[in-house]
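**Student:** next come a sequence and a model predicted from it.
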2 protein chains.
Amino acid sequence: MLTISNRGYQMPHSPIRKLVPYAEAAKKKGIKVYHLNIGQPDIETPPAIMDAVRHTDIKVLEYSHSAGNESYRRKLVQYYKKVGIDVTHEQILITTGGSEAIMFGFFTCLNPGDEVIIPEPFYANYNGFACAAGVKVVPIKSNIETRFALPPIHDFEKVITNKTKAIIICSPNNPTGYLYSRAEMEALKEICLTFNLYLFSDEAYREFCYDGEYVSAMHLHGLEEHVVLMDTISKRYSACGARLGALVTKNKTVYDTAMKFAQARLSPPGLAQIMGEAAVDLPDSYFDAPKAEYLKRRNLLVSRLNAMYGVLCPNPGGAFYAMAKLPIDDSDKFCQWLLEEFSYNNQTVMLAPATGFYGTEGLGKDEVRLAYVLNTDAISAAMDCLEKALEQYPGRTN
Amino acid sequence: MLTISNRGYQMPHSPIRKLVPYAEAAKKKGIKVYHLNIGQPDIETPPAIMDAVRHTDIKVLEYSHSAGNESYRRKLVQYYKKVGIDVTHEQILITTGGSEAIMFGFFTCLNPGDEVIIPEPFYANYNGFACAAGVKVVPIKSNIETRFALPPIHDFEKVITNKTKAIIICSPNNPTGYLYSRAEMEALKEICLTFNLYLFSDEAYREFCYDGEYVSAMHLHGLEEHVVLMDTISKRYSACGARLGALVTKNKTVYDTAMKFAQARLSPPGLAQIMGEAAVDLPDSYFDAPKAEYLKRRNLLVSRLNAMYGVLCPNPGGAFYAMAKLPIDDSDKFCQWLLEEFSYNNQTVMLAPATGFYGTEGLGKDEVRLAYVLNTDAISAAMDCLEKALEQYPGRTN
């Protein structure tokens, strides 16, 4: 018999997509579903960057350089300068989405069997890339009661072995929205220097910080050789479908090695690079409107959630996600029940069960992630649904 | 000290790109370099498919379905029907170039340490993907004297072990241009059925067959569960930079497993899918012109090569590559010498040393690959250079 690989069997299904059939069934029954479950922003992709593609006079859409067009990488140098990151175009490798940057990081820095520490809850697809690369994810718990602050150094030290090669952070965080402080970033630096670890820094949500100071891993003096920045234009310019990211590092060996993986797949998407290049020319004020919009939504969402009896939602400092602790027995059951059995005024809400974001079995059963990617009217309606649902849900715990 | 992964060290450099600095140096000296070294076609990307992107009214460039837009997959069903391949849109998984289809095939079907048999010479990047996936490439030799026909079954049987999980073929072939006959495809089927192997079939050059009948692995009755088709629009529509491919299989377990890897990376490029969808609506006559152009070039190139003393170039049945045996000591040295030390009328030619296409150390030292991706005037001038170069090259062997 033909067999599938072990990693193919072990590869996790997307925890978010498993509820999709229930949402589709609800819609077929005529129920309106508010999608707070996925990080697909509704913000318009800047018309200027779509126009750059519309006005292209390309005759032959050729392979680009494997590291991405030099013109785009030089533009990105300007962009990074604006956010306090000083790099050259030869330290930027353009990737197919942030996803490929994460993959290249794993392939380049970790052997099969090596370990990567990730504060949980974390972006679920890190599991998938780790599985593909044969890397073991070692989660350490951050807590909703402390707003998902960085776990104490001692928690890192407890799990570090001779197999540990890297830490992954995401700040502002998906799924928690937590923004690491400078002190937390400095603490991470000390761990990485002491134990000789790479710091993989996923900064997909850099532009969306509402409270506190944004500190990039690239801002940490003395950690230059350790930092591998994973970036993407998906959220920055609401251009998820472009599939355009970057791996940025000052470690030349890491860069040159990642480049070999990049050469094998030839080049990143060509049309997306035109968009990315045009995006750097957007006025600095471009971010004001989406940021103000997200902030308004966050404030509404968080205040509505905390006003519900038994609900705890720490105020997220950035990104466009919030985690909420709900008075429920099982977030997977609850999210399915919302779609399968509940409606209020013929409407319901789709949430992401937090279990999919924890690496430790059993965690996240009373938490959900909400992505505030809908306008405030929709968020209000969705919160009305959630409030009613919590009153009716048979598995309510208090 | 921070370390790079073993696979990072072992990952091969692109054998084609290593000569690039020498080409750049030649150009700086004012020498015109004819690039017959890479498979980047000069044929115009069909304006109609570029226009589809230019006229897009997308407001938010969202993630597509992880398997690609359903509308595009349904279109592709029509395309495949035209080339005698009967599949549904649920058997097509849209990938980021053919490259990602190859990666997904490896990840899905092979464990680290498993073996894949590939007739050599073969597309060099299979080595890179195999290295990333921890898979061992087992080459079996095809010969220029037999036009790179399929090695005898006995050669496959000799290397099959309990680790062997798949065979990769590419027909029409890169780098040889060889087009497998129906008898050869049937022979492959028998091997795969007897030894229970997957047949990974890279059909990137399907549209460019000049002599003989095109037989897809998907045309083989009774092998449905074994076949994983790796496809791309790169060469078909001269759209290499779009990065749009497909993994096509009737094996549902393979499809569902590959889909998990696809979900982790979220979606294939969005703008490219617009191009791909428009491409299916091109008139059937679209291929007449590029095919006639390639045929004219092939005939010129092959006749010029065979007219040179000591040169053997089998007539390739498809794709846009030819392999030539030259009277030289070392193809790597010769190709470097062409760029570094030789010029004729202030011009030279860049070729790909065949060593990069062989898995067996030491093979290909007297062979080069030529991509006929330039017009006939340029090919003529390039052949003038090569003819003179072979007269002057100090490492000439006869």
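**Tutor:** Received it, and whenever you're ready, just let me know what you need.

**Student:** quick one, helices of the stretch 201-350 of chain A?
**Tutor:** Here the stretch 201-350 of chain A has its helices, by DSSP state H, counting those that start in this stretch, at A:252-264, A:270-280, A:288-306, A:331-340.

**Student:** return the residues in contact with the residue most central in space within chain A.
**Tutor:** Centroid check for chain A by Cα atoms, centre = their mean gives residue A:174 as the closest residue, at 4.3 Å. Each residue near residue A:174 by Cβ atoms under 8 Å, 6 or more residues apart in numbering or on different chains is listed here: A:39, A:123, A:202, A:204-205, A:319, A:321. (Glycine included, C-beta is placed from N, CA and C.)

**Student:** can you check those and name whichever has the most neighbours?
**Tutor:** residue A:319 (29 neighbours; other Cβ atoms under 10 Å in any protein chain shown).

**Student:** any idea how far chain B is from it?
**Tutor:** 17 Å (Cβ to the nearest Cβ, to the nearest Å).

**Student:** these two touch, right, that residue and residue A:207?
**Tutor:** No. Residue A:319 is beyond contact range of residue A:207, at 9.7 Å (criterion: Cβ atoms under 8 Å).

**Student:** what sits in contact with each of these two?
**Tutor:** residue A:235.

**Student:** redo the helices of the stretch 201-350 of chain A as TSV? Include mean neighbour count, distance to residue B:190 and mean pLDDT.
**Tutor:** Converted to TSV, these look like this (neighbours: other Cβ atoms under 10 Å in any protein chain shown; distance: least, Cβ to Cβ, whole Å; pLDDT from 0 to 100):
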stretch	mean neighbour count	distance to residue B:190	mean pLDDT
helix A:252-264	21	31	97
helix A:270-280	24	41	98
helix A:288-306	17	60	97
helix A:331-340	21	48	97
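
**Student:** out of the ones you listed, which gets nearest to residue B:301?
**Tutor:** Nearest of the helices of the stretch 201-350 of chain A to residue B:301, taken as Cβ to Cβ: helix A:252-264 at 26.4 Å.

**Student:** helices and strands around the closest one, which ones?
**Tutor:** strand A:92-95, helix A:97-109, strand A:245-249, helix B:6-10, helix B:125-133 (3 or more Cβ pairs under 8 Å, 6 or more residues apart in numbering or on different chains; DSSP states H and E).

**Student:** what does it contact?
**Tutor:** Outside helix A:252-264, the residues that reach it (Cβ under 8 Å, 6+ apart) are A:66-67, A:90-91, A:93, A:95, A:103-105, A:107-109, A:198, A:228, A:247, A:249, A:268, B:4-5, B:8-9, B:11-14, B:17, B:99, B:125, B:128-129, B:132.

**Student:** do that again at 7 Å, thanks
**Tutor:** Identification of contacts with helix A:252-264 by Cβ atoms under 7 Å, 6 or more residues apart in numbering or on different chains yields A:66-67, A:91, A:93, A:104, A:107-109, A:228, A:247, A:249, B:4, B:8, B:11, B:13-14, B:17, B:99, B:125, B:128-129, B:132.

**Student:** any of those residues buried? List them.
**Tutor:** A:66-67, A:91, A:93, A:104, A:107-109, A:228, A:247, A:249, B:4, B:8, B:11, B:14, B:17, B:99, B:125, B:128-129, B:132 (16 or more other Cβ atoms under 10 Å in any protein chain shown).

**Student:** roughly how far does the residue nearest to the centre of chain A sit from residue A:360?
**Tutor:** Applying Cβ to Cβ, to the nearest Å, the value for residue A:174 to residue A:360 is 18 Å.

**Student:** contacting residues for residue A:121?
**Tutor:** Each residue near residue A:121 by Cβ under 7 Å, 6+ apart is listed here: A:175-176, A:323, A:354, A:357-358, A:364.

**Student:** how close does it get to residue A:36?
**Tutor:** Using Cβ to Cβ, residue A:121 is found at 16 Å from residue A:36.

**Student:** same thing with residue A:16?
**Tutor:** To residue A:36, residue A:16 is 11 Å away according to Cβ to Cβ.

**Student:** cool, residue A:101 as well?
**Tutor:** On the measure of Cβ to Cβ, residue A:101 and residue A:36 end up 27 Å apart.

**Student:** elements contacting the lowest-mean-pLDDT helix or strand in chain A?
**Tutor:** Least confident helix or strand, chain A: helix A:20-28 with a mean of 94, by mean pLDDT, DSSP states H and E. Contacts defined by 3 or more Cβ pairs under 7 Å, 6 or more residues apart in numbering or on different chains; DSSP states H and E place helix A:20-28 against strand A:32-35, helix A:331-340.

**Student:** hmm, try it at 10 Å
**Tutor:** strand A:32-35, helix A:331-340, strand A:347-350 (3 or more Cβ pairs under 10 Å, 6 or more residues apart in numbering or on different chains; DSSP states H and E).

**Student:** okay, the angle between that helix and helix A:331-340?
**Tutor:** Angle of helix A:20-28 versus helix A:331-340, following axes from the mean of the first three to the mean of the last three Cα atoms, to 10 degrees, is 20 degrees.

**Student:** so which bits of helix A:20-28 are buried?
**Tutor:** For helix A:20-28, the neighbour count (16+ other Cβ under 10 Å) marks A:22-23, A:26 as buried.

**Student:** which of those residues sits closest to residue A:234?
**Tutor:** residue A:23 (22.0 Å).

**Student:** how close does the closest one sit to chain B?
**Tutor:** Computed as Cβ to the nearest Cβ, the residue A:23 to chain B distance reads 14 Å.

**Student:** also residue A:131?
**Tutor:** In terms of Cβ to the nearest Cβ, residue A:131 sits 8 Å off from chain B.

**Student:** and the contacts of residue A:174, which of them are in strands?
**Tutor:** Within the contacts of residue A:174, residues falling in strands by DSSP state E are A:202, A:321.

**Student:** returning to that earlier point: please name whichever of the helices of the stretch 201-350 of chain A is nearest to residue A:32.
**Tutor:** Closest to residue A:32 of these is helix A:331-340 (Cβ to Cβ; 11.7 Å).

**Student:** that closest one close to chain B?
**Tutor:** No. On the criterion Cβ under 10 Å from any Cβ of the partner chain, helix A:331-340 is out of touch with chain B, staying 17.7 Å away.

**Student:** tell me what that helix is packed against?
**Tutor:** helix A:20-28, strand A:32-35, strand A:347-350, strand A:352-353, strand A:367-371, helix A:376-392.
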